[in-house]
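S.K.: Dropping the sequence and predicted coords here.
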Amino acid sequence: MTKTKYHVTTVHKIAIFPFGMINAFLLKNSQGCILIDTGLPNTEKKVEDVLNKLKLTFSDIKLIIITHAHIDHAGNAAKIKALSGAKVIAHNGDLPYYRGEKKMHFCSTGWFGRLFSKTGVIQKPYEKFEPDILLTAKEKFNLNDYGIDGEVISTSGHTEGSISVVIDNDKAIVGDLISSGILLGGIVRTNKAKRPPFEDNPLQVSQELQALANKGVKTFFMGHGGPLPQKEVLQHIGKLKNIATDID
């Protein structure tokens, strides 16, 4: 039996907005790179700048992973897919939003989420696209073919179709399962966990974060603020469980 050869993979943050307010990520190794989230529409220059620093181009992107359908994560997927020629992987739970068939709903977690919703920015439509690889239910996607000891997994809760990427069993890019910082996220207090401005199901989020911690994930990278160590995430899980109990 041939043993899979893994390559040293590094995580590079892409600042779609400064100070960690909106993050995308590149996973880089000797085989090329994987892009996790694409940022807001027309922010491809932010991605290109990081690629250039790593002596890469859009054609080096071998796969695009979209953690969920909100505009700050999926809004530029169609354009970067066209620029790179890379396949896009996403989850069936958010497929109607990628296709532009439904308007997204948003469950605010506090005053900032309610205020942000009123601006209409988060509800703006973006260029629709069709994912090439679609996860269903709790299906996983192995990243062995990209030289990465990792997998893409379903982690519903923030949205029905939220997914996360686990690398080397001790790092995870979790989209908006968790946030840190102030307001949208980032800026200051980026080492303190909090709920993102919107969250469909806090109990489900707590269960998914706990499952990641149980797998051995020690560092959590997210779309707003961070990264966070496991200890901080575990404290946040306890708060989410209390919130879920109060809702019930």
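M.R.: Happy to help now that I have it.
S.K.: Going by C-alpha atoms from here, please, whenever you check contacts or count neighbours.
M.R.: OK.
S.K.: Contacts only, for the residue nearest in space to the middle of the chain.
M.R.: The C-alpha lying nearest the average C-alpha coordinate of the chain belongs to Gly175 (CA atoms, centre = their mean; 2.4 Å). The neighbours of Gly175, taking CA atoms under 8 Å, 6 or more residues apart in numbering as the test, are 67-68, 162-164, 221-223.
S.K.: go on, Ser117?
M.R.: Contact criterion CA under 8 Å, 6+ apart gives 106, 123 as the residues in contact with Ser117.
S.K.: cool, and Ile148?
M.R.: Residues in contact with Ile148 (CA under 8 Å, 6+ apart) are 6-9, 167-168.
S.K.: now what about stretch 48-68, what contacts it?
M.R.: The list of residues contacting stretch 48-68 from outside it, by CA under 8 Å, 6+ apart, reads 14, 32-38, 73-74, 77, 80-81, 83-91, 94, 146, 159, 161-164, 174-175.
S.K.: Please indicate which of those residues are buried?
M.R.: Using 16 or more other CA atoms under 10 Å as the burial test, these include 14, 32-38, 73-74, 77, 80-81, 84-91, 94, 146, 159, 161-164, 174-175 as buried.
S.K.: Among the residues you listed, name the ones in helices.
M.R.: Secondary structure from DSSP state H places 73-74, 77, 80-81, 84 of the buried ones among the contacts of stretch 48-68 in helices.
S.K.: circling back: any idea which of the contacts of Ile148 is least confident?
M.R.: On pLDDT alone, Tyr6 ranks lowest of these, at 78.
S.K.: wait, it sits on Asp145?
M.R.: No: here Tyr6 lies out of contact with Asp145, judged by CA atoms under 8 Å, at a distance of 9.2 Å.
S.K.: Of these two, which one has the most company?
M.R.: Between Tyr6 and Asp145, Tyr6 has the larger neighbour count (other CA atoms under 10 Å), namely 17 against 11.
S.K.: and the gap between that one and Ile61?
M.R.: When CA to CA, to the nearest Å is the yardstick, Tyr6 and Ile61 sit 18 Å from each other.
S.K.: one step back: any chance of TSV for the contacts of Gly175, columns distance to Met104?
M.R.: Formatted as TSV, the contacts of Gly175 follow (distance: CA to CA, whole Å):
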residue	distance to Met104
Thr67	15
His68	11
Ser162	13
Ile163	17
Ser164	20
Phe221	24
Met222	21
Gly223	18
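S.K.: And the residues you listed, which is closest to Glu44?
M.R.: Taking CA to CA as the measure, Gly223 is the one of those closest to Glu44, at 16.2 Å.
S.K.: Just give the nearest non-adjacent residue to the closest one, would you?
M.R.: By the measure of CA to CA, 6 or more residues apart in numbering, the closest residue to Gly223 outside its immediate chain neighbours is Asn23, 4.6 Å from it.
S.K.: what's the pLDDT at Thr4?
M.R.: At Thr4, the pLDDT value in this model is 69.
S.K.: same check, this time on Arg189
M.R.: pLDDT for Arg189: 89.
S.K.: Correct me if wrong: it contacts Ser179.
M.R.: No: the criterion here is CA under 8 Å, and Arg189 misses it with Ser179 at 10.6 Å.
S.K.: Compare these two (neighbour count), which wins?
M.R.: Set side by side, Arg189 and Ser179 give different neighbour counts by other CA under 10 Å, the larger being at Ser179 (32 against 14).
S.K.: What residues sit buried inside the longest helix belonging to the chain?
M.R.: The helix of greatest length in the chain, counted in residues with DSSP H as the criterion, is given as helix 230-247. Buried residues in helix 230-247, counted by 16+ other CA under 10 Å: 230, 233-234, 236-237, 239-241.
S.K.: all helices of the protein, in order?
M.R.: Using DSSP H, the helices of the chain run over residues 44-53, 71-74, 77-84, 95-98, 111-119, 202-215, 230-247.
S.K.: Out of those, flag the one nearest Thr136.
M.R.: helix 95-98 (10.3 Å).
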